[in-house]
Each structure stands twice: as C-alpha cells, then as structure tokens.
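>>> this one's structure only:
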C-alpha cells in the first residue's frame with residue numbers, strides 16, 4: 001500500500017504561481033510513475049501531468065503545457081507540480097496519484113493509477 005498526501009493548494013489571483021507537493025509513504029521502494037489530476041465541480045477528473053519513475057519522461061495536458069511543471073525527488077518520496085501563470089479555469093481539486101508497484105511508465109488515464117491522495121483545493125480568482 002502507498003499513502004499519498006497533497007499540500008500547497010490555496011486561493012490565489014490569476015497570474016501568480018503555486019507549488020503543489022505530494023508526499024508518499026508506505027511501499028515506496030517498489031517504484032512507480034506518478035500523476036497529477038484535477039476535478040472541477042460538475043466535471044470529470046482529468047490528467048494534468050504525469051512523470052515516470054526515473055523522471056525522464058513527462059506528460060502534460062494541452063491546457064497546462066508551458067505553464068505547469070511536474071518533477072519528483074525519489075530520495076524524499078515526493079512529487080511536485082509547479083503551476084505558473086495560473087488562470088481561473090485552473091480552479092479545481094488537485095489529486096496526486098501513483099501507479100501500481102513496478103509500473104514505472106507514464107499513465108494518462110485515471111484507471112491506470114492505483115493509489116490516490118485526498119486532494120487539495122486550488123482556487124484562482126480573476
């Protein structure tokens with residue numbers, strides 16, 4: 001089992017930056033790809049960004065390319081999402097997710113992820 005805890009969300013104005021963190025604990029030695037998803041009210045949970053176990057491969061949704069950056073520090077079992085130039089449409093609950101043990105490659109659908117955090121709210125005002 002892997003436990004994930006997100007932090008760093010908040011209420012900000014458009015144009016500023018936020019950095020989300022996701023701390024993993026439990027069976028972290030197995031190695032797994034990670035992802036960030038978000039869900040706005042009344043909408044589905046969508047992929048925002050994903051990163052492979054080694055960090056060499058990343059994926060970004062078109063809506064965040066050039067503004068968001070995903071990274072990870074495996075020594076600290078932590079994944080980050082740097083969000084720059086935030087827009088009101090980025091408002092959502094952001095979830096950190098981990099693929100199953102040994103699944104080192106990127107997944108871009110929620111079905112490919114076995115473990116989820118509780119989510120952190122990001123609200124961007126105009």
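Thanks, I have the structure now. A quick note: this is a predicted structure, and the numbers were derived from the prediction, not measured.
>>> can you name the next helix or strand after the host helix or strand of residue 70?
Using DSSP states H and E, residue 70 sits within strand 68-73. Next along the chain after strand 68-73, taking DSSP H and E as the criterion, comes strand 78-83.
>>> helix or strand next in line after that next one, which one?
Once strand 78-83 ends, the next helix or strand along the chain (criterion: DSSP H and E) is strand 92-98.
>>> partners of that following strand, with directions?
For strand 92-98, the pairing partners within the sheet under DSSP bridges are strand 34-39 (antiparallel), strand 115-116 (antiparallel), strand 120-125 (antiparallel).
>>> deepest-packed of those strands, please.
Of all the strands paired with strand 92-98, strand 34-39 has the most neighbours on average by mean count of other CB atoms under 10 Å, namely a mean of 24. Quick note: C-beta positions are derived from backbone N, CA and C, even for glycine.
>>> what angle separates that strand from strand 68-73?
Computed by axes from the mean of the first three to the mean of the last three CA atoms, to 10 degrees, the angle separating strand 34-39 from strand 68-73 equals 140 degrees.
>>> hmm, who's touching strand 34-39?
20, 22, 24, 45-51, 70, 72, 79, 81, 90, 92-99, 106-108, 110, 113, 119, 122 (CB atoms under 8 Å, 6 or more residues apart in numbering).
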